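Visitor: Quick one: sequence and predicted model below, then my questions.
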Amino acid sequence: MSNKYLNKTYTNKQGLNYKIVHYNTYYDITILFDSGYIKSATMKEVKRNAIKDKLSPSVYGVGIVGIRYNTKVDGKHTTEYGTWKNMLRRCYSEKCRHKFQSYDYCTVSENFKKYSYFYEWVNKQVGFNSVDDMGNIFQLDKDLLSKGNKIYSETTCVFLPLEINIALAIKDSKHKKFHVGVRKNRNKYEVTCCINSKSTYLGLFNTEIEAFNAYKQAKENYLKQLAEKWKDQIDERAYNALMNYKIEMTD
């Protein structure tokens, strides 16, 4: 009975081929992928096409899980794997990029496409697995160290508390024809700025440049305050970037 399964080519849901090279029982077989990955499995998994090749780019078409580190502990995804997979999703999931256009053209470095590399890198980072007073886990950020950056890599990423991420991410003005933070109010220019996760009114000004400068000063001062508040819990690179952060008219 087992001979009919041996060396027959099967294809999983990702389109990757493998063969059954050992058949002991229906619940005890050994399979070999074209990549060289060997795995113990069951015929039930084979019939469900549920077997993944950990040596092939099976996560969003680019991520290689590898065999060095577990992706689950006690049936739950590890924080390392969840962080890694979410990073890949933001860059390579069409559904995600369609919903969040800020991720258009974002990519992941070749090193970060390997879970084993990312796992080892992330466990050396300041802020990884840290939580704020509200229980929010620190988030992986690629923009602070290099403004406008589109690549997740070991030289561009740091972990930030939600409060800092909100301060950096929110665009206070949706009126793109004016400078950031500024909108027209009759014959004057009104300014609001996101401070402490809330829209704060800064006043009315006669010219757009005056209004922008008020926004720029308030925002940069707020980021410096956040840098000092979180100094002991964030990467030194993040602290320095916040202290030197410059708001531009085109932000």
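Guide: Sure thing, it's come through.

Visitor: wait, N12 sits on E45?
Guide: No: using C-beta atoms under 8 Å, N12 makes no contact with E45, being 9.4 Å away. Any C-beta I mention is one placed from the backbone N, CA and C, and that applies to glycine too.

Visitor: Can you pull the residues that touch both of the two?
Guide: Between them, N12 and E45 share these contacting residues under C-beta atoms under 8 Å, 6 or more residues apart in numbering: I51.

Visitor: Please say which of the two ends up with more neighbours.
Guide: For N12 and E45, the more surrounded residue by other C-beta atoms under 10 Å is N12, and the numbers stand at 20 against 17.

Visitor: Look up phi and psi at the more buried one.
Guide: Backbone torsions of N12, given as degrees, to the nearest 10, read phi -90, psi -180.

Visitor: go on, F159?
Guide: In terms of degrees, to the nearest 10, the main-chain angles of F159 are phi -100, psi 130.

Visitor: Relative to G127, how far out is it?
Guide: Distance, F159 to G127, using C-beta to C-beta, to the nearest Å: 3 Å.

Visitor: Now do the SS call for G135.
Guide: The three-state assignment at G135 reads coil, by DSSP: H, G, I helix; E, B strand; the rest coil.

Visitor: On the three-state scheme, L226 is what?
Guide: Following three-state DSSP, L226 is assigned to helix.

Visitor: Now for the closest residue to it other than its chain neighbours: which residues touch it?
Guide: Leaving aside its sequence neighbours, L226 sits nearest to I164 (C-beta to C-beta, 6 or more residues apart in numbering; 5.2 Å). Under the criterion of C-beta under 8 Å, 6+ apart, the neighbours of I164 are L144, L223, L226, W230, I234, A238, L242.

Visitor: Kindly reformat these as CSV containing neighbour count and secondary structure.
Guide: Formatted as CSV, these follow (neighbours: other C-beta atoms under 10 Å; DSSP: H, G, I helix; E, B strand; the rest coil):
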residue, neighbour count, secondary structure
L144, 23, coil
L223, 20, helix
L226, 24, helix
W230, 20, coil
I234, 25, coil
A238, 23, helix
L242, 25, helix
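
Visitor: All set, thanks.
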